[in-house]
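S.K.: Give the three-dimensional model of this entry:
(one chain, ligands or ions: 2)
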Amino acid sequence: MKLYSTQHQSPDVSLEEAIFRGLPPDNGLYMPLSIEKMDSTFFETIQDKSFQEIAEAVCQHLLGADLTKDEIHGIISQSMTFEAPLFDLEKDVEVLELFHGPSMAFKDFGARFMAAIMSHYLLKSKREIRILVATSGDTGGAVAQGFFNTPGISVTILYPKGKVSDIQEKQLTTLGGNVHALEIDGTFDDCQSLVKQAFLDEELRAKFNLASANSINISRLIPQSFYYFAAFAEAKRKGLKMPIVFCVPSGNFGNLSAGLMAYRMGLPVKAFVAACNENKVVPDYLTTGEYKPKTSVETLSNAMDVGNPSNFSRMKLLAGEKWESVRELVKGYFTNDEQTKVSMKEVYDRTGYVMCPHTAVAYDGLQQYKAEVKEEFTGILLSTAHYAKFLPTVETTLGRQVPIPERLSALLSKEKVAISLGTDYAGFKQYLLGK
Ligand SMILES: Cc1ncc(COP(=O)(O)O)c(C=O)c1O
Ligand SMILES: N[C@@H](CCOP(=O)(O)O)C(=O)O
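M.R.: Ligands and ions are numbered 1, 2, ... in the order given. Next up, the predicted model:
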């Protein structure tokens, strides 16, 4: 796979270079030079394949020129060790549960694949790398788990002080070893901006092999496309109504961009619903044609509190570039905290199903979309995190206690270890140079 920069001011690169550089020097994003459609027989027989077989076929299609079949098999069997089942929520609405991995959020798919592919290349080159990652809650936990004790890799996680849930914070700050946490006195956008500046800093680049584990890294998006194919396979197995609409709770728009990659590879999808909380720059863009990044506001669906989504340009390119084409395929809706709670409670009272606040934003987005279209379809809601990661919100909203998986409750008694920093780049750089 060859990749170009969306700014067109940097040379094209190989897959390996794109993975380890993260961002091109011109501050664009790496994009595959071409994304071809997969063979029609793949879609005709997809219902007979397991998640891992689907992931290998998609990898072979995209990365067959970079990795051998055996290498792909090794990377997939090492990283894709959990499933993404569909839960029948109600008539024509399915929940795609993406929280069965180690950190109980959809980020596990990307983080574990990235750890496996990076280790594959590092074993060959014997380099050491330093990963910088900004998180609004879930990426950090998945990356911490995915890279913990990986030889040759150290991880520095930046998270916004007081803006992640207790369990999310414990996931970032309690592993130790090669995982270091920085508590930034600012927003997620501040964390993201510090990380981006570091990648463009020649002095740091000369000293360290810096790499990104955020969705600006193309190797995060490739594995996130697998579960869209797998959901389609499961929909076929279950004989669900076609066509399919995927409803994606969105913040940085990596997940939705991964869905659009699957679409570009030929996955039959009627539309994608971009469901946002009050950080709604993309729904606003879809309505007005103007993209106006804003300072993020705090909401109950904290991992989606992003005011300048880093994958916006990728999403646009993948959906057809022109505003008219993008809004044809991507439908934007937003929801406030009050309605998020109403959806969580209403769905729980009616079905017994507990949704995390991010999934509830998606549920509400799907309801808004349904109210506007006449045709029938199956709506697949991407459930991006286990509800127990947001326990106080969930229990207060539902008015009852809910069970917590042991894997999460065990974290609560662990001691947080984090270094506090402000939002100034000089302080962050000094920390990096001093370590
Ligand atoms: C639980 C949850 N839902 C949704 C999102 C938004 O995903 P994306 O940033 O890929 O749009 C995130 C953060 O990435 C998240 O952690
Ligand atoms: N919501 C994310 C923010 C980082 O997004 P990424 O997908 O670009 O890594 C989080 O949970 O940290």
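S.K.: distance between stretch 243-251 and the chain's centre?
M.R.: 13 Å (CA atoms, centre = their mean, to the nearest Å).
S.K.: Only the buried residues of that stretch, if you could.
M.R.: Of all the residues in stretch 243-251, those buried under the rule 16 or more other CB atoms under 10 Å are Ile244, Val245, Phe246, Cys247, Val248, Pro249, Ser250, Gly251. C-beta here means a position set from N, CA and C on the backbone, and glycine is covered the same way.
S.K.: For Lys170, state which of those residues is nearest.
M.R.: Gly251 (20.9 Å; CB to CB).
S.K.: That closest one contacts Val306, correct?
M.R.: Yes - between Gly251 and Val306 there is a contact under CB atoms under 8 Å: 4.1 Å.
S.K.: related to what we said a few turns ago, save the buried residues of stretch 243-251 as JSON lines, and put in distance to Leu67 and secondary structure too.
M.R.: Listed next are the buried residues of stretch 243-251 as JSON lines, based on distance: CB to CB, whole Å; DSSP: H, G, I helix; E, B strand; the rest coil:
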{"residue": "Ile244", "distance to Leu67": "29", "secondary structure": "strand"}
{"residue": "Val245", "distance to Leu67": "33", "secondary structure": "strand"}
{"residue": "Phe246", "distance to Leu67": "27", "secondary structure": "strand"}
{"residue": "Cys247", "distance to Leu67": "32", "secondary structure": "strand"}
{"residue": "Val248", "distance to Leu67": "28", "secondary structure": "strand"}
{"residue": "Pro249", "distance to Leu67": "31", "secondary structure": "strand"}
{"residue": "Ser250", "distance to Leu67": "30", "secondary structure": "coil"}
{"residue": "Gly251", "distance to Leu67": "30", "secondary structure": "coil"}
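S.K.: of these, list those near ligand 2.
M.R.: Gly251 (CB under 6 Å from any ligand atom).
S.K.: So Phe272: helix, strand or coil?
M.R.: strand (DSSP: H, G, I helix; E, B strand; the rest coil).
S.K.: quick one: pLDDT of it?
M.R.: At Phe272, the model reports a pLDDT of 98.
S.K.: Could you tell me how many residues sit around it?
M.R.: 26 (other CB atoms under 10 Å).
S.K.: check contacts around it.
M.R.: Residues near Phe272 by CB atoms under 8 Å, 6 or more residues apart in numbering: Val245, Phe246, Cys247, Val248, Leu256, Gly259, Leu260, Tyr263, Ala319, Leu329, Val330, Lys331.
S.K.: Quick check: residues of the protein near ligand 1?
M.R.: 105, 137-139, 215, 249-255, 303-304, 358, 384-385.
S.K.: I only care about those residues that end up buried; give me the ChimeraX line for that.
M.R.: Per 16+ other CB under 10 Å, the buried members of the residues of the chain next to ligand 1 correspond to this ChimeraX selection:
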select :105,137,138,139,215,249,250,251,252,253,254,255,303,304,358,384,385
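S.K.: Assign Ile35 to helix, strand or coil.
M.R.: Look at Ile35: counting by three-state DSSP, its state is coil.
S.K.: Excluding covalently adjacent residues, which one is nearest to it?
M.R.: Arg264 (4.4 Å; CB to CB, 6 or more residues apart in numbering).
S.K.: Can you name every helix or strand that the strand or helix carrying Gly74 contacts?
M.R.: Element membership of Gly74, judged by DSSP states H and E, is helix 69-79. Helices and strands touching helix 69-79, by 3 or more CB pairs under 8 Å, 6 or more residues apart in numbering; DSSP states H and E, are helix 51-63, helix 107-125.
S.K.: What's the mean pLDDT across the first one?
M.R.: Model confidence over helix 51-63, given as mean pLDDT, is 98.
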